[in-house]
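[1] my questions concern the predicted model and sequence given below.
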Amino acid sequence: MSDDLHDLYQDIILDHNKRPRHYGVLPDYTHTAAGYNPLCGDKIDVFLIVQDKRIEAVQFEAACCAICKASASMMTETLIGKSLDEAEIAFKRAGELLSTDRNVAADLSVDGEIAALAGVRKFPARIKCATLPWHTYIAALKGDAELGTN
Amino acid sequence: MNNAPTFDSRRARADFPILARDVRGKPLSYLDNAATAQKPVAVIEALDRYYRAENSNIHRGVHYLSEQATDAYEATRAKAARFIGATDPDEIIFVRGATEGINLISHGFTESVLQPGDEILITHMEHHANIVPWQIAAQKTGAILKVVPVDDRGVLDMEAFEALLCEKTKLVSVVHVSNSLGTINPVKVIIDKAHALNVPVLVDGAQSTPHMAADVAELGCDFFVFSGHKVFGPTGIGVLWGKREWLERLPAYQSGGDMIEKVDFEGTTYKGIPGKFEAGTPHIAGVIGLGAAFDYLASMDRVGALQHENALLNVATEQLLAIDGLRIIGTAPNKASVISFLIDDIHPHDIGTFLDAGGIAIRAGHHCTQPLLKRFGVPATARASFAFYNDFEDIERLVEGLTKMKQFFG
């Protein structure tokens, strides 16, 4: 097994894939959006409860690959309880970790589990799998019901 | 003596330089042939030779090189006709691929055949390339698109086909071999039944031509399309064959230079076929490279190659099914060497990435057949597709890779 493959499918990713957190339709959501990647057929629904500019709850439901599911699961854990301003910073950080332009160093102690997303960078074909949940979250926040990525 | 297939895949493999390379530090097992086939050295050299020593435009030069290029281009038209059992090279139109071939026909039917209430009959297992052009044609003309269902094995429902085929049907357009399932469709039966009602039939041969000799005269179809890159030729070139009376009846698809007889500002007269459908400078290098691919295929034992592929299909099917939790989508009794599969809850994308790390190239996704996969209730499959240069070692590596993957994700 190659090291790169281990970087991609780290224990954190495998764990979130097997036991996705905050999975399922969220009743009483205030925001929702469906994300879809027509290239591979990955589909995800993200549900939010936002009150007083704070994210009270995030849940998701998906038919997607391990990378997408783990990214979504980690996203829920990252976002829950954050103010919208804090969530914006977290969203940008996830984008940085997944960007091949800057190859920023990931730090588990600072970034938390989403540091594992940095392993996806070596697999350009899979970056969109990891970004889909995050873009769907933004679409939900903005009130866009459907999001397609290419 | 035994009756073991005598086709020497190892020798064929040596004709394809890319198969000798490593990928991610491992020998390459290329099992994505339904997406595109690899190129023999004869094709690569023909392209190289054309650009180094023969490059010139065709059909207009008075000079030596132009005459040579024109001859090579037109010689390929004759080879293409032979390749699919057509007798008249003028009925061969060079296009970019099967997709453009279908678009050319749908454009012609939109312009000069379809009327409101007419019906176009396709099947549930079509590639998007044989769905979307007909949706657009239907939208533009008021015609109706009808779809023949498939059963759980991925076999066409022929009773439904007969029920749907009627006086209103203006065209049946059907895939010869399914790119997602591998199903070989009974196109001869379809053509005979359609012709009994004077309905023309288009056969999408993109996935049949890489595996088996297609014969349009024997099939009796009215149109046949295929892509060069899937028959071991260059990308960006393909063939549309049509019966002369149809090609003469359908209007030009694009217009410009090389397709005209005489241009005045008051009006223009067009060339006859095939020139009418080949506006502008064509993909000359692609056509010449495709000619080399036809020569290559003509020089090999295609019957032996098909037997070898069928042996690969049978062994791979048996060994894959022995993997716990693996399910094959597409279990028609009559199949080409294409296997779509799912494993437990491991997503096809993860299967593809995992195998790729071991140098094994497969396809993961919807294979441009979203309605078909929806029919089977899955958003995507992993797909291994074999060519004659694959061997049993490729299957061993595939099975070994999947077994390791199951442990990893277990």
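    Alright, I've got the coordinates.

[2] break chain B into its domains for me.
    B:9-30+B:301-409, B:44-298 (automatic domain parsing).

[3] list the residues that contact residue 82.
    Picking chain A for this. Applying C-beta atoms under 8 Å, 6 or more residues apart in numbering or on different chains, we find residue A:82 in contact with A:54, A:55, A:90. The way it works is simple: take the backbone N, C-alpha and C, and place the C-beta from them, glycine included.

[4] switch to chain B, that's the one I care about
    B:294, B:298.

[5] can you tell me the SS state at it?
    helix (DSSP: H, G, I helix; E, B strand; the rest coil).

[6] neighbours of residue B:111, how many?
    15 (other C-beta atoms under 10 Å in any protein chain shown).

[7] same question for the one 10 residues further on.
    Per other C-beta under 10 Å, the neighbour tally for residue B:121 reads 25.

[8] go ahead and confirm residue B:26 touches residue B:358.
    Yes. The pair residue B:26 and residue B:358 qualifies as a contact (C-beta atoms under 8 Å) at a distance of 5.5 Å.

[9] any residue of the longest helix along chain A touching chain B?
    The single longest helix within chain A, with elements called by DSSP state H, is helix A:127-142. Yes. Helix A:127-142 lies within reach of chain B by C-beta under 8 Å from any C-beta of the partner chain, at residue A:129.

[10] go ahead and confirm residue A:131 touches residue A:98.
    Yes. Residue A:131 is within contact range of residue A:98, at 5.8 Å (criterion: C-beta under 8 Å).

[11] buried residues of stretch B:130-143, list them for me.
    B:130, B:131, B:132, B:133, B:134, B:137, B:138, B:141, B:143 (16 or more other C-beta atoms under 10 Å in any protein chain shown).

[12] what's the closest non-adjacent residue to the fifth one?
    Distance criterion C-beta to C-beta, 6 or more residues apart in numbering or on different chains; nearest residue to residue B:134, sequence neighbours excluded, is residue B:120 at 4.9 Å.

[13] name the SS class of that neighbour, please.
    Classified using three-state DSSP, residue B:120 is strand.

[14] which parts of the stretch 301-410 of chain B are strands?
    Counting by DSSP state E, counting those that start in this stretch, the stretch 301-410 of chain B has strands at residues B:326-329, B:338-343, B:360-361, B:363-365, B:381-385.

[15] tell me the helices and strands packed up against the third one.
    To tie it back to what came earlier, the one meant is strand B:360-361. strand B:29-30, helix B:392-409 (3 or more C-beta pairs under 8 Å, 6 or more residues apart in numbering or on different chains; DSSP states H and E).

[16] what mean pLDDT does that strand have?
    What strand B:360-361 shows for mean pLDDT is 98.

[17] and that strand, how far out from the chain's middle?
    The chain centre lies 21 Å from the centre of strand B:360-361; the measure is C-alpha atoms, centre = their mean, to the nearest Å.

[18] now do the last one
    On the basis of C-alpha atoms, centre = their mean, strand B:381-385 sits 16 Å off its chain's mean C-alpha point.

[19] packing partners for that strand?
    Using 3+ C-beta pairs under 8 Å, 6+ apart: strand B:381-385 touches strand B:338-343, helix B:348-356, strand B:363-365.

[20] tabulate these (JSON lines), appending distance to residue B:304 and mean neighbour count.
    As requested, the helices and strands packed on strand B:381-385 are exported to JSON lines (distance: least, C-beta to C-beta, whole Å; neighbours: other C-beta atoms under 10 Å in any protein chain shown):
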{"stretch": "strand B:338-343", "distance to residue B:304": "19", "mean neighbour count": "24"}
{"stretch": "helix B:348-356", "distance to residue B:304": "28", "mean neighbour count": "24"}
{"stretch": "strand B:363-365", "distance to residue B:304": "26", "mean neighbour count": "23"}
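
[21] flag every residue of chain A that's near chain B.
    A:1-2, A:4-5, A:8-9, A:14, A:17, A:39-43, A:63-67, A:123, A:125-126, A:129.

[22] return the residues in contact with residue B:83.
    B:209, B:231, B:294, B:297, B:298.

[23] just checking, which of those belong to helices?
    B:294, B:297, B:298.

[24] now the helices for the stretch 51-200 of chain B?
    B:64-83, B:98-112, B:132-141, B:158-164, B:187-196 (DSSP state H, counting those that start in this stretch).

[25] which strands and helices sit next to the fourth one?
    Helices and strands in packing contact with helix B:158-164 are listed as strand B:119-123, strand B:144-148, helix B:187-196; criterion 3+ C-beta pairs under 8 Å, 6+ apart.

[26] ok, which of the ones you listed comes nearest residue B:256?
    strand B:119-123 (28.6 Å; C-beta to C-beta).

[27] about what we covered before: out of the ones in helices among the contacts of residue B:83, who's the most crowded?
    Counting neighbours by other C-beta under 10 Å, residue B:294 leads those with 24 neighbours.

[28] excluding its backbone neighbours, what's nearest it?
    residue B:79 is the one closest to residue B:294 (C-beta to C-beta, 6+ apart), at 4.1 Å.

[29] hang on, the one you found packs against residue B:293?
    No. Taking C-beta under 8 Å as the definition, residue B:79 is not a contact partner of residue B:293, at 9.1 Å.

[30] these two: which has the busier surroundings?
    residue B:293 (26 against 20).

[31] ok, now which ones touch that one?
    Residue B:293 neighbours (C-beta under 8 Å, 6+ apart): B:39, B:40, B:42, B:43, B:228, B:231, B:232, B:233, B:234.

[32] the third one sits in which helix or strand?
    Meaning residue B:42. helix B:41-49 (DSSP states H and E).

[33] enumerate the residues of the stretch 201-350 of chain B near chain A.
    B:346, B:347, B:348, B:349, B:350.

[34] excluding covalently adjacent residues, which one is nearest to the first one?
    Looking back up the chat, that one is residue B:346. With C-beta to C-beta, 6+ apart, the residue lying closest to residue B:346 is residue B:409, at 5.2 Å.

[35] I'd like to know if stretch B:362-376 reaches chain A anywhere along the stretch.
    Yes. Stretch B:362-376 is in contact with chain A by C-beta under 8 Å from any C-beta, via B:364, B:365, B:366, B:370, B:373.
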